[in-house]
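Visitor: Here is the input, now give the coordinates:
(chains A and B)
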Amino acid sequence: MHTNWVGLFTMFRREVQRTLRVVIQTLVAPVVSAALYIFIFGFVIGSRIEDIGGVPFISFVFPGVLMLSIINASFSSASSALYFMRFTRGIEEILITPFSYLEMLLGFVGSAVTRALMVAFLILAVGVTFGAVELVHPLWFVGYIAAIAAIFAMLGIIVALWAESFEQLQVLNTFVITPLTYLGGIFYSISFLPETAALITRFNPFFYFADGVRSSMIGYSEANTMIGLMVIGGLVVGLAVLVTQLFKRGWKIRS
Amino acid sequence: MSAAMLEIKNLVKVYGTGKEAKRAVDDISLTIPQGSFFGLLGPNGAGKSTTIHCVTGIAQPTSGQILVGGIDVVSDYKQARTKVGLSPQEFNVDIFATPEQLMDYMGGYYGLRKAEREQRINELVARFDLEQHRNVKFQKLSGGLKRRAMLGRALIHTPDLLILDEPTAGVDVEQRHDLWNYLQEMNERGKTIILTSHYLEEIEHLCRDIAIINHGKIVASGTKQEFMRGGKSVEQAYLEITKGTKE
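Guide: This is a model prediction of the structure:
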């Protein structure tokens, strides 16, 4: 049977409508946070910090702030949507309709990426008003943010399937995503770190996420691009296979 | 004899493993011909909903085979699902969505294009008298209106097989009779309907064939006339059978 394109589009459309239904939580809040980050780190503190690799601090920080918002938007969109669907049994709507397991993956991930891109677009607009946006490699930029949003959407799906309470829904975000994001060099150059800490940072995948977005925006990179692409590509493929298998097994969604 | 719309062959569904394992459906076989109005009865926890869940894809059969219109619901699940519409017992919906949105999303999931969906929604809204409520949030609707919205959602893609799990629970008498008329009308036009209900007069009024499940097994099946032999009502026959099959 052919691909259920209308069904997939309906999933994206539904997520956009859900996003707009709680616009303050889904769009306004991340944009306000990003604007505060840009103002404080870019202007208040950034004006006292020297350029990094010839790049103004605000331009160095902005890609990281953008990435942080994309990660939060895609993770919370996927995890909350699926968790609530499990909780209210709304997931049955998807289970009884003609979606393959791969289409289910595409539907949930695509919906979360759609919301993350809406947030990214608004933050870019804020960045433009602060003069913080450069776009040296626009295609790479789109590729990086789409891939990062997809990775966190899939992590959100896994957490939504695993969680048995609202508290558990926050566990990965609190104890893994947030620390690794902040320690991944979004607000600083790893050249600021002692040698050992810099070496450890290179084992943090979030470092490659931030570096990829940054290099596509301002052309400044501290990581090996090939390693970064392998980390990101490997995570996209590995998580896609894992989530598709979980859907196929019906783990926590099909009795 | 018309072709089978639903064939269930040796269906087994076990929940859990080891000592915790519960055999919810225990080797059920059932054939429901096309155009049938079929009543599936049984006490709470007997295995009715589990059987329905296995047919619709909500549950994964442990063993056995289920064919909808000759299509296997496991190996060819995408195709099989286009043929079935389900109005479940529980309101498994986004309570902030309106009846129109619920039908629209469901139609989209089934692959209906916008023009088709709009036409179908208008037909169903008119048929179920939801015009004034089509844009009211589901959570604000009365029990009867909620049931009608669920029915509209189940019918959006004009399925060949309609499964109704307690479709008139919480619906007032007038609306229940109106729904009965609609279901009879659909059945006369060739739609196969499976109905589970605790209102046995509903089963008696609507269904031509009946099966009773108890403890995961089919304990009786036949035509309504066979159940009502000797001047009994379906309810009397049901009570006799289920009491006789207590563990």
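Visitor: do you know how far the residue nearest the centre of chain A is from chain B?
Guide: Nearest to the mean C-alpha position of chain A, counting by CA atoms, centre = their mean, stands residue A:71 at 2.5 Å. As judged by CB to the nearest CB, to the nearest Å, residue A:71 and chain B stand 26 Å apart. For every residue, glycine as well, the C-beta is placed using N, CA and C.
Visitor: show me what contacts that residue?
Guide: Applying CB atoms under 8 Å, 6 or more residues apart in numbering or on different chains, we find residue A:71 in contact with A:148-149, A:152, A:177, A:181, A:209.
Visitor: now swap in residue B:98 and tell me
Guide: For residue B:98, the contacting residues are B:134-138, by CB under 8 Å, 6+ apart.
Visitor: what about the residue in chain B that chain A sits nearest to, neighbour count?
Guide: For chain B, the residue closest to chain A is residue B:108, as judged by CB to the nearest CB, at 2.8 Å. The number of residues packed near residue B:108 is 23, by other CB atoms under 10 Å in any protein chain shown.
Visitor: burial measure for residue 92, as a count.
Guide: Using chain A. For residue A:92, the neighbour count with other CB under 10 Å is 22.
Visitor: wrong one, chain B
Guide: When counting by other CB under 10 Å, one arrives at 19 neighbours for residue B:92.
Visitor: in a helix, that's where it is, yeah?
Guide: No. Using DSSP: H, G, I helix; E, B strand; the rest coil, the assignment for residue B:92 is coil, not a helix.
Visitor: Could you verify my assumption that it touches residue A:95?
Guide: No. At 10.0 Å, residue B:92 does not count as touching residue A:95 under the criterion of CB atoms under 8 Å.
Visitor: so how many other residues sit close to residue B:70?
Guide: Applying other CB under 10 Å, we find 12 residues neighbouring residue B:70.
Visitor: and the residue nearest to the centre of chain A, what are its phi and psi?
Guide: Dihedral angles of residue A:71 (phi, psi; degrees, to the nearest 10) stand at phi -60, psi -50.
Visitor: now the helices: where do they sit in chain B?
Guide: Taking DSSP state H as the criterion, chain B carries its helices at B:48-56, B:77-81, B:99-109, B:114-127, B:143-155, B:173-188, B:200-206, B:224-227, B:234-244.
Visitor: returning to that earlier point: let me have the contacts of residue B:98 in TSV, extended by neighbour count, pLDDT and distance to residue A:228.
Guide: Output for the contacts of residue B:98, formatted as TSV (neighbours: other CB atoms under 10 Å in any protein chain shown; pLDDT from 0 to 100; distance: CB to CB, whole Å):
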residue	neighbour count	pLDDT	distance to residue A:228
B:134	19	96	51
B:135	11	97	48
B:136	15	97	51
B:137	14	96	46
B:138	20	96	46
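Visitor: and the helix or strand where residue A:37 lies, how far out from the chain's middle?
Guide: Residue A:37 is part of helix A:29-37, with elements assigned from DSSP states H and E. Distance, stretch centre to chain centre, for helix A:29-37: 15 Å (CA atoms, centre = their mean, to the nearest Å).
Visitor: How about stretch A:88-104?
Guide: Relative to its chain's centre, stretch A:88-104 lies at 24 Å (CA atoms, centre = their mean).
Visitor: Span of that stretch from start to end?
Guide: 18 Å (CA to CA, to the nearest Å).
Visitor: name the element the residue in the stretch 1-150 of chain A positioned nearest to chain B belongs to?
Guide: The minimum distance from the stretch 1-150 of chain A to chain B, using CB to the nearest CB, falls at residue A:10 (2.8 Å). If you go by DSSP H and E, residue A:10 is part of helix A:5-21.
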